[in-house]
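Chemist: no letters, just coordinates:
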């Protein structure tokens, strides 16, 4: 017995044998993928390994991060929201038009957020109370929002409001001479708030419960109606907020903005490890999903020789791989 | 139909008032009267059994009490106050918690969350995870359960999930806990664990309403019972003062006589034919069934006895071509045939009714008529529709012959009780006029009345020349119906015996062999 002594595990042993709980695995996988891709980029391209590249990645995708956060709520509850891209366009248009008419930028932004939330709430009501498939209800929302955008103006409207433009160009200097913008701060704040809501509030936990088994959640006496309408309202709010970030990014309102962006958001959420059937996933995963998509784009621009359509192909392949892996994992569990 | 509510009510002890009183509650769905002036009362510190066949109105009564259905007439008094619960949440708030047969929790959250979801302890507006886990652990300990509150619910077996569901019910400081068929998927040891928890609840002064098909369990645990039949109250009784036979008679009324008659008439006379219809020669499949020989003669019922996993279902699936054999073969009427799929089997006039009624039989959103005609349509091919006059005639005939209720051929299948669904599935195959009928657990989970009717029908079909392979976990049933019994164990056939003076005990001994008797499933 005493002849063999068990050596104290070294730090390396602990790292080597660390196995995360299975529910965190998809997020860990996405994180590893992101690190791997970034590392690969750093080796392949000159100047890729720079904090500023990472910060630009956040800056160029801040609106998508916010959209993906809202989408995460909806998908966790077992639904889907196809309207967010159109709501982004509508938001840019309302912001541009109202400011053109001389509204205060604050009133204009508040209006945008209100309209987005109301649209989301409306779709949630259709989904829950009228029992309409989320796919159909939000498809209707997609057409409605895009149509409203055209109704306001067929042409692109530039945003020239001084306060708004100032906000768009205001940069925050970080230690080391790096800089970022308020849009990034807003996007990351959204992620933090959403992560807290999902992990630590009754509303958030009920979102998971509804996604896990809606009939059970109802019989457990949980407030299913509040949650099901709520997630679409949140997604609508996030789409409007994403629209404002997009307006800050492009300084214009245009009916052809953000066409198909809802699909990018869904792709980011799925690549971030959230189960499309609901009940499993994390907001942080969605953030990582957006970063993975953004890194692919950064690759293309650094390479310079690749056609930008390679982005879509890469996203398609990644999405397929992740969905197949998810399927295999859930099958093994059942 | 005159009916007095005062009839058949037990004496109450002086010191206790009912915590729940339902008075003259009626509920109708369309023109079906699901509950007709039913009364029930529950006392604190008692286990009350709700008894009745499938379709007697037990589920409806429970759902009326828990706010899933709203009542048409009548009163529900809880703790001295009249209530009408609009939602399950409202019933829970009044101290009434329900644990359903299918565990209604969410598998993707932890045990603690499942127990406390919707009433988690909070701090600064957020959920206090530490306090939640402590509270969950305390409740689990109070019930004598050793379950890690931080583990994911979905990682536990159904029995543990069931206990967690009860723990959730108890945590609300429930005054009434309703257990709807909680034991149907538990083994003997797990049932005892559940009963321990129920006894603890009784000691804590909770009124427990217990619904179960297993009479022995009711007699082991319950104090008082309410008996329903056809949506009406039959009687309230003390369990200790009612014999099982009496109870069965109260529950099913006349149908029991059918079984007695079946025993007398059938007499297990040997079939007078020696024409083999279906012969398996060394039929087997790697990992599911060792080489098996079996011959089915015309007009014969062959029973298969064995434990779950003994290979009985696997044999049936091979005979039907649902799985393909990798050794041995089949002869249909002495001609060698290869059955590559159920289609081939149906073409050879073999029919198979699966044990998994829900997943492999019933199509809930189609009508009774559609469900019945599926197999016939499949065997004709989809390009040759059945003339509507023929359809109507066939459906009417079989609804009548099998006594299917409701008699409306356009009723949706999912609205039928388990027994009636099973009859529709039988009709589906009988319509194709098969030579061989393979029935895998045709009477599982259905009420005694429907069970008797199905057994009678099997005997009649055999008398008319059909060969039936009858698989059931209930050995009495196998012995009652079969001319020959095949015993299976460990994925192979171990004995085949003519059913003459064979008793359940004899079969048990053969099956048991070296396996222990306690591993027997079902009421043996």
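Modeler: Yep, it's here. Values in this document were obtained by computation on a predicted structure and should not be read as measured data.
Chemist: helix or strand with the lowest mean pLDDT in the chain?
Modeler: No chain was given, so I picked chain A. helix A:11-17 (a mean of 67; mean pLDDT, DSSP states H and E).
Chemist: switch to chain B, please.
Modeler: helix B:255-266 (a mean of 53).
Chemist: the closest residue to residue B:96 other than its chain neighbours: how many residues sit nearby?
Modeler: Leaving aside its sequence neighbours, residue B:96 sits nearest to residue B:176 (C-beta to C-beta, 6 or more residues apart in numbering or on different chains; 4.5 Å). The way it works is simple: take the backbone N, C-alpha and C, and place the C-beta from them, glycine included. Residue B:176 has 24 neighbours, counted by other C-beta atoms under 10 Å in any protein chain shown.
Chemist: number of nearby residues for the closest residue to residue A:49 other than its chain neighbours?
Modeler: With sequence-adjacent residues excluded and distances taken as C-beta to C-beta, 6+ apart, residue A:49 is closest to residue A:42, at 3.6 Å. Number of residues near residue A:42 (other C-beta under 10 Å) recorded here: 14.
Chemist: ok, residue A:42 to residue A:62 distance?
Modeler: 23 Å (C-beta to C-beta, to the nearest Å).
Chemist: so who does residue 286 touch?
Modeler: The chain I'm using is chain A. A:65, A:68, A:69, A:71, A:72, A:268, A:269, A:272, A:274 (C-beta atoms under 8 Å, 6 or more residues apart in numbering or on different chains).
Chemist: oops, chain B please
Modeler: residue B:326.
Chemist: show me what from chain A comes close to chain B.
Modeler: A:23, A:196, A:200-202, A:205-206, A:208-209, A:211-213, A:215-223, A:279-280, A:333 (C-beta under 8 Å from any C-beta of the partner chain).
Chemist: list buried residues within the residues you listed.
Modeler: Buried by 16 or more other C-beta atoms under 10 Å in any protein chain shown: A:200-202, A:205-206, A:208-209, A:211-213, A:216-223, A:279-280, out of these.
Chemist: the residue of chain B most remote from its centre and residue A:282: what is the separation?
Modeler: In chain B, the residue that sits farthest from the middle, by C-alpha atoms, centre = their mean, is residue B:124; the gap is 47.4 Å. Distance, residue B:124 to residue A:282, by C-beta to C-beta: 22 Å.
Chemist: and what of residue A:177?
Modeler: Distance, residue A:177 to residue A:282, by C-beta to C-beta: 33 Å.
Chemist: of these two, which one has the most company?
Modeler: residue A:282 (22 against 8).
Chemist: give me phi/psi at that one?
Modeler: Dihedral pair for residue A:282: phi -140, psi 150, per degrees, to the nearest 10.
Chemist: pretty sure it contacts residue A:274?
Modeler: Yes. Shown here, residue A:282 and residue A:274 form a contact pair, counting by C-beta atoms under 8 Å, at 7.3 Å.
Chemist: in terms of pLDDT, where does residue A:217 sit?
Modeler: The model reports residue A:217 with a pLDDT of 90.
Chemist: below-threshold pLDDT in the stretch 201-350 of chain B: ranges please.
Modeler: Along the stretch 201-350 of chain B, the parts satisfying pLDDT under 70 run over B:252-273, B:308-309.
Chemist: er, the stretch 1-150 of chain A I mean
Modeler: Applying pLDDT under 70 to the stretch 1-150 of chain A flags residues A:1-10, A:12-21.
Chemist: and the residue of it nearest chain B?
Modeler: At 7.1 Å from chain B, residue A:23 is the closest residue in the stretch 1-150 of chain A, using C-beta to the nearest C-beta.
Chemist: what count of nearby residues applies to the closest residue to chain A within the stretch 101-250 of chain B?
Modeler: Of all residues in the stretch 101-250 of chain B, residue B:106 sits closest to chain A, at 3.4 Å by C-beta to the nearest C-beta. Residues lying near residue B:106 (other C-beta under 10 Å) number 26.
Chemist: and residue A:146, by the same measure?
Modeler: 21.
Chemist: A helix includes it, no?
Modeler: Yes. Counting by DSSP: H, G, I helix; E, B strand; the rest coil, residue A:146 is part of a helix.
Chemist: which ones are touching it?
Modeler: A:86, A:89, A:90, A:255.
Chemist: which element is the third one on?
Modeler: Which is residue A:90. helix A:84-100 (DSSP states H and E).
Chemist: all strands of the stretch 151-300 of chain B, in order?
Modeler: Applying DSSP state E, counting those that start in this stretch to the stretch 151-300 of chain B gives strands spanning B:176-180, B:207-211, B:224-229, B:232-238, B:276-285, B:289-297.
Chemist: any chance of those strands in a markdown table, plus distance to residue A:305?
Modeler: Output for those, formatted as a markdown table (distance: least, C-beta to C-beta, whole Å):
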| stretch | distance to residue A:305 |
| --- | --- |
| strand B:176-180 | 67 |
| strand B:207-211 | 71 |
| strand B:224-229 | 78 |
| strand B:232-238 | 82 |
| strand B:276-285 | 57 |
| strand B:289-297 | 61 |
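Chemist: specify the beta-bridge partners of the residue nearest to residue B:96.
Modeler: Per DSSP bridges, the residues bridged to residue B:176 are residue B:96, residue B:207.
Chemist: and the pLDDT at it?
Modeler: Listed pLDDT for residue B:176 reads 92.
Chemist: related to what we said a few turns ago, then the residue of the stretch 1-150 of chain A closest to chain B would be within a strand, right?
Modeler: No. Assigned with three-state DSSP, residue A:23 falls outside any strand and is helix.
Chemist: picking up where we left off before, helices - which of the buried ones among the residues of chain A next to chain B land there?
Modeler: Counting by DSSP state H, these place A:200, A:202, A:205, A:206, A:208, A:209, A:211, A:212, A:216, A:217, A:218, A:219 in helices.
Chemist: what does the stretch 101-250 of chain B put close to chain A?
Modeler: Within the stretch 101-250 of chain B, the positions adjacent to chain A are B:103-109, B:113, B:117-118, B:120, B:122, B:125-127, B:129, B:152, B:154, B:168 by C-beta under 8 Å from any C-beta.
Chemist: so which residues of the stretch 51-200 of chain A form strands?
Modeler: A:157-158, A:171-173, A:179-181.
Chemist: need the winner for burial among these.
Modeler: strand A:179-181 (a mean of 18; mean count of other C-beta atoms under 10 Å in any protein chain shown).
Chemist: need the residues of chain B near chain A, please.
Modeler: Residues of chain B found near chain A (C-beta under 8 Å from any C-beta) are B:68, B:87-89, B:91-93, B:98, B:100, B:103-109, B:113, B:117-118, B:120, B:122, B:125-127, B:129, B:152, B:154, B:168.
Chemist: which ones are touching residue B:46?
Modeler: Residue B:46 is in contact with B:202, B:207, B:208, B:223, B:224, counting by C-beta under 8 Å, 6+ apart.
Chemist: swap the cut-off to 7 Å and go again
Modeler: B:202, B:207, B:223, B:224 (C-beta atoms under 7 Å, 6 or more residues apart in numbering or on different chains).
Chemist: in TSV, list those residues along with neighbour count.
Modeler: Output for the contacts of residue B:46, formatted as TSV (neighbours: other C-beta atoms under 10 Å in any protein chain shown):
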residue	neighbour count
B:202	18
B:207	25
B:223	17
B:224	19
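Chemist: still on that earlier bit, when you filter the contacts of residue A:146 down to buried only, what's left?
Modeler: Among those, those classed as buried by 16+ other C-beta under 10 Å are A:86, A:89, A:90, A:255.
Chemist: and of the residues you listed, the nearest to residue B:314?
Modeler: residue A:86 (54.1 Å; C-beta to C-beta).
Chemist: center of chain A, which residue is that?
Modeler: Geometric middle of chain A (C-alpha atoms, centre = their mean) lands on residue A:68, at 1.4 Å.
Chemist: what comes up buried for the helix or strand where residue B:457 lies?
Modeler: Following DSSP H and E, one finds residue B:457 within helix B:448-463. Across helix B:448-463, burial judged by 16+ other C-beta under 10 Å covers B:448-459, B:461-462.
Chemist: again with stretch B:304-314
Modeler: Neighbour-count burial for stretch B:304-314, counted by 16+ other C-beta under 10 Å, picks out B:304, B:305, B:306, B:307, B:310, B:311, B:312, B:313, B:314.
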